[in-house]
Every structure is written in structure tokens, then in C-alpha cells.
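**Student:** model this:
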Amino acid sequence: MGATVTSFYFLCFLLCVLAVYYISPIRFRRVVILIASIAYYILSGNGLLMVFPVVTTLISWAGVLLMERTEKKKAVLVAVTLLDLLPLIVLKYVNFFINTVNGIAFAASSWTNADPVIPNIALAVPLGISFYTFSALSYTIDFYNGTAEKEKDYLKLLSYVMFFPAVLSGPIRRYRFDAKGLNEGNKLDYHNLTFGAQRMLWGFFKTFVISERMKIISSRIYDTPGVYGGICAITGTVCYAFELYTNFSGCMDIVLGISQMLGYELPENFNTPFFAKSIQEFWRRWHITLGVWMKEYVFYPVLRTKAFTALNDKCKKKYGSKKGKQIANIPALLILWLTVGLWHGGDWKYVIGSGLLHWLYIVCGQLLTPYTDRLLTFLKIKKDAKWLDVLRVIRTFILVNIGFIFFRAHSLGESIQVFGSMFRIHVPVAEFIEKLGEDGLDWIEVGILLISLVVLTVVSVLQQKGSVREMIDKKSLPIRWIIWFALLFFTLLTGYYGPGYSAAEFIYQGF
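**Tutor:** So this is what the prediction gives:
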């Protein structure tokens, strides 16, 4: 069947799950979810690797039982955390450390063609290892913090951890908020079925119609780094931003739509992030559940350690309450963003582009804010001026795109090469456009892409006022049918199924 939730076979699988789920008595519906999740994992080609989420869940479940019976709860929490994270660290990051050592050795050998000091290790990584690991850990940590109750039934916890729509690309869940309702057995609800299907359709539109076309442009730049610079490289990077957004948020739309059809509510993961006026706001709108999870389970615990508490007190005495707190938080933010970068992958391009670069943005923004505020006061410019907000949105989008260069490039070296090529003046624009035509993006395809981007923009603007589905639902029946069938047929007729198309493999399914 494959792992992707846009394949024909997965849709057949989903229809079967929905039918069996709602035909079954309510008390057995939680069993249907668990069986469906196991079946999905097996059919996606991860049958033998299913032992990893099963054991990870067992460790968290047993850890909580042990916490209940001992006074050494913190020691149990540390042990469970290390055991849960061990497969993630070994399977995803062992080659990162190997490549780092080899890179240092290569640099120390005066850039000769020295053989690797340590050869890479071929390892099979379970589907959604980061997502199910974090979900299991949240259960243990929430119980330790006294914010969640013990789950007596191991199979119920396994159903939560391996919930099949979310195991592919998230969202990352927190047990005390997101486990409710999954194992209760939900009644058939017309509203949930229709709204869930509508959400899925919107996800298919973003993935098939927009993301796959954007991929043609970004691939032409990043698969041939340094060949096309200037406006071509800038265009390719901006297109990648929209490719990544429509791909990842489209996947989330499909996942949240499936969950709603089953009567289960998952947390939102995107909220029009390209409207953000700062990097902090961007991360409150982009991959929301990752930011929330990291802040709650990494950043705040770090701040509560004795070392950081002492540092905070010392900085407040020396620099004052507000500034002292900001300065004391800088190293804690460094740990946070280093963790975020590593979560994205075992490569320095992720550590820098998705982690340390954003840490630098935030720290510089915090330290420079008093000076920019004084400048605005001196120039007699209102902080909340509309035109200033537009500039802030553009600034944030540019900074985010610089990070996306590292995310998309095949290596750290190539990301630097692409970034440097953007400042080239003389570039073969005509050749670039001709190559895009050869890749399948002719003027008709460009027209479809532009129309789709207009639709995406209009919907994004409307989302600032509330749920667009709710807005459409208030219209008369003929208008509702026209809107949804227009979107359906537009997606079916213009969805990109060109050369090399791979059923919209989701970019984040590898994390």
C-alpha cells in the first residue's frame, strides 16, 4: 500500500476502516482503530519495524506503573526517557555523528581525498519514529507532572501512540490533551463526515495542484545548485517555501480530515504561517505542535534546572528583571533550537537551517527591539502602522526562506552555494524558463498554478476571520455544492500527475 495517505490504495483502506468502524458496536470501535493502525503499519512495508513503536509504548506504559509504586519517580522518568529516545538516537543520528567525525578528519587532512575514518551504517528507520516517540514520552512526562491519569490498558495507550493517520507526519500530540475521545468509540455524525471529507479535499488540492507544480521549479534550482543564480535561485527558493507549506499543511489537512471523520479531534498544526510578522509568531503558526511540544517538554524543564535558575537570578541582579531574564534565556533557547534542528534530521544543514539560524533570529530580535522602538519613536512612526506590519511580514518571510535553503539543499555545502548564487547579476533566465517547460511546466501549467495560488491566498485571508468550512456551510445548499464540486473537479482535472510523480510523497514523512 505504501505509506502515503494520498495513494489510491490508502483511500480504499480508509473507506474499509470507516465502514467497519461505524458498523461495529460502539464498545468495539476502539479495537477497530488499533487493528487499523497495526494493519496500516504492516501494509506500509514496516511490518517487522512495528516492534519499535510497540516496545516504546510498552516502556512508557510500564514506566508509569513503576512510578506509581516507587518514590523514585524522577529516576524512573529519566530511565524511561532514555530508553524511549535510544532507538531514535541510534537509528536517526548515528550516521550524523559518523559523518561529522569524517568531515573533521577530511578537513584536518588538508582537503585531500582521504577515505572515511568510519564507514556509514545502513539502518532501517521505522515509519514516524519521531512522532510516535514524542507521543509516548508525553504520556510518561504528563503522568510524572501530575497532569494525566494512569492508563491501565496497554492496548489503549498503543492505539493512541500508533494512531494511523498521525503516525506518518504528525501532528505531534500531548497525551493529556490529545488522547481523549480516541478510545471511547464515537457515534456516526453527519457533520464530522462531511467536514472531514471537505478538509481532506482541501489537502488534496494543496498537495496535488500546488505543491507538485512548485516542486518542478524548486527542483530545477536545487538539483543543479549554482547553475541558475540571481532571480532564478530566488524564485526557486520562494517556490520551495510554498511547496513545503502546501505539501506539509496539505498532509495535515488530510490527516485532520480523516480523524474528524472518525469523530476524533487532532490539534491544528498550521495557521497561515506566511502572514507572521516575526520569527516567534511564525513558529506559533508553522508546525505548531512541534513548537508547543519542544517548549513544554524541553525549554521549560531546562529553565527549571538549578543551573539556569541560578543564572537567571544572577542576570536579573546585574541587568534588571526584564533584560536579565532575556539574557539568561539565551543559552536555554540555544538548547531548544539545537534540539529542534536535530529533530528535523541528522545533518548539519538541519541543525543550522531549522535550528541555530532561528535561534540567532530570535536572540537578535529580542536584543535589538529596544533600539528599533527608539528609532520608530524618533521618526514618529506608529508601531502598529499597517504598512509597517506589511514590511514585518516580508522581512519574516525572507528570513524563513533563508532557513529553507538549508532545509531543501542536499548538503550544507550546496545550501551555501545556492545562497551565494542568489547575488549573481547575470543569469540565464530564458534558459531557466525553457528548462521548466521541458520539465513539464508550460504556460498552461503556470496559469493553473497562479489560479490555485489565488484560491489559496483568498482562503488564507478568510481563515483570519474563522473557519472557512463553517462560512461555506452557512450558504444555501446549491452554493455549497457548487463550491465543493468545483474544488473536487478542479483538483481531479488539474492535479499534477506528470513525469516522476510519486503519489505526493510527503516531505515530513521521513522524520
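
**Student:** in the stretch 51-200 of the chain, which spans are helices?
**Tutor:** Assigned by DSSP state H, counting those that start in this stretch, the helices in the stretch 51-200 of the chain fall at 51-69, 73-108, 129-144, 154-161, 175-178, 190-204.

**Student:** residue 166: neighbour count?
**Tutor:** Using other C-beta atoms under 10 Å, residue 166 has 29 neighbouring residues. Where you see a C-beta, it was placed from the backbone N, CA and C, and this is true even at glycine.

**Student:** my guess is it contacts residue 252. True?
**Tutor:** No. Residue 166 lies out of contact with residue 252 (C-beta atoms under 8 Å); the separation is 9.6 Å.

**Student:** any idea which of the helices of the stretch 51-200 of the chain is most buried?
**Tutor:** Per-stretch averages of neighbours, counted by mean count of other C-beta atoms under 10 Å, single out helix 129-144 among those, with a mean of 24.

**Student:** for that one, name the packing helices and strands.
**Tutor:** helix 51-69, helix 73-108, helix 154-161, helix 175-178 (3 or more C-beta pairs under 8 Å, 6 or more residues apart in numbering; DSSP states H and E).

**Student:** now for the first one, which elements pack on it?
**Tutor:** On a contact count with 3+ C-beta pairs under 8 Å, 6+ apart, helix 51-69 meets helix 73-108, helix 129-144, helix 154-161.

**Student:** between that helix and helix 154-161, how many degrees?
**Tutor:** Taking axes from the mean of the first three to the mean of the last three C-alpha atoms, to 10 degrees, one finds helix 51-69 and helix 154-161 inclined to each other by 120 degrees.

**Student:** now swap in the longest one and tell me
**Tutor:** Helix 73-108 and helix 154-161 are oriented at 40 degrees to each other (the same axes, to 10 degrees).

**Student:** average pLDDT for helix 73-108?
**Tutor:** The average pLDDT within helix 73-108 is 89.

**Student:** of the helices and strands packed on helix 129-144, which is nearest residue 414?
**Tutor:** Of all the helices and strands packed on helix 129-144, helix 73-108 sits nearest to residue 414, with 14.4 Å by C-beta to C-beta.

**Student:** where does the prediction get shaky in the protein?
**Tutor:** 1-3, 110-114, 497-511 (pLDDT under 70).

**Student:** and residue 271, which of the three is it?
**Tutor:** coil (DSSP: H, G, I helix; E, B strand; the rest coil).

**Student:** grab the nearest non-local neighbour of residue 26.
**Tutor:** residue 185 (4.0 Å; C-beta to C-beta, 6 or more residues apart in numbering).

**Student:** for that neighbour, give its distance to residue 22.
**Tutor:** 10 Å (C-beta to C-beta, to the nearest Å).

**Student:** quickly list what's touching both of the two.
**Tutor:** Between them, residue 185 and residue 22 have residue 29 as joint contacts when contacts are counted by C-beta atoms under 8 Å, 6 or more residues apart in numbering.

**Student:** which residues touch residue 334?
**Tutor:** Contacts of residue 334 (C-beta under 8 Å, 6+ apart): 356, 359.

**Student:** any idea how far it is from residue 311?
**Tutor:** Distance from residue 334 to residue 311, by C-beta to C-beta: 13 Å.

**Student:** and what of residue 352?
**Tutor:** 25 Å.

**Student:** spatially central, which residue of the protein would that be?
**Tutor:** residue 287 (4.4 Å; C-alpha atoms, centre = their mean).

**Student:** dihedrals phi and psi, that one?
**Tutor:** Backbone torsions of residue 287, given as degrees, to the nearest 10, read phi 40, psi 50.

**Student:** which ones are touching the closest residue to it other than its chain neighbours?
**Tutor:** Residue nearest to residue 287 in three dimensions, not counting chain neighbours: residue 269, with 6.1 Å by C-beta to C-beta, 6+ apart. Applying C-beta under 8 Å, 6+ apart, we find residue 269 in contact with 170-171, 249, 252, 256, 287-289.

**Student:** and those residues, which of them are in strands?
**Tutor:** Secondary structure from DSSP state E places none of the contacts of residue 269 in strands.

**Student:** and which of these is nearest residue 90?
**Tutor:** Looking across the contacts of residue 269 and measuring by C-beta to C-beta, the closest to residue 90 is residue 170, at 21.6 Å.

**Student:** roughly how far apart are the residue nearest to the closest one when sequence neighbours are not counted and residue 166?
**Tutor:** Excluding its sequence neighbours, the residue lying closest to residue 170 (C-beta to C-beta, 6+ apart) is residue 131, at 5.1 Å. According to C-beta to C-beta, residue 131 and residue 166 sit 7 Å apart.

**Student:** same check on residue 76?
**Tutor:** 27 Å.

**Student:** got the CA coordinates for stretch 19-32 in CSV?
**Tutor:** C-alpha atoms of stretch 19-32 as CSV (Å, rounded to 0.1, in the frame of the first residue of the first chain):
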residue,chain,number,x,y,z
ALA,A,19,-17.2,1.2,7.1
VAL,A,20,-16.0,-1.4,9.7
TYR,A,21,-15.7,1.3,12.4
TYR,A,22,-19.3,2.6,12.1
ILE,A,23,-20.8,-0.9,11.5
SER,A,24,-19.2,-2.2,14.7
PRO,A,25,-20.8,-1.7,18.1
ILE,A,26,-19.5,1.4,19.9
ARG,A,27,-17.7,-0.6,22.6
PHE,A,28,-15.6,-2.4,19.9
ARG,A,29,-14.7,0.7,17.8
ARG,A,30,-11.5,1.4,19.8
VAL,A,31,-10.4,-2.1,18.8
VAL,A,32,-11.1,-1.2,15.1
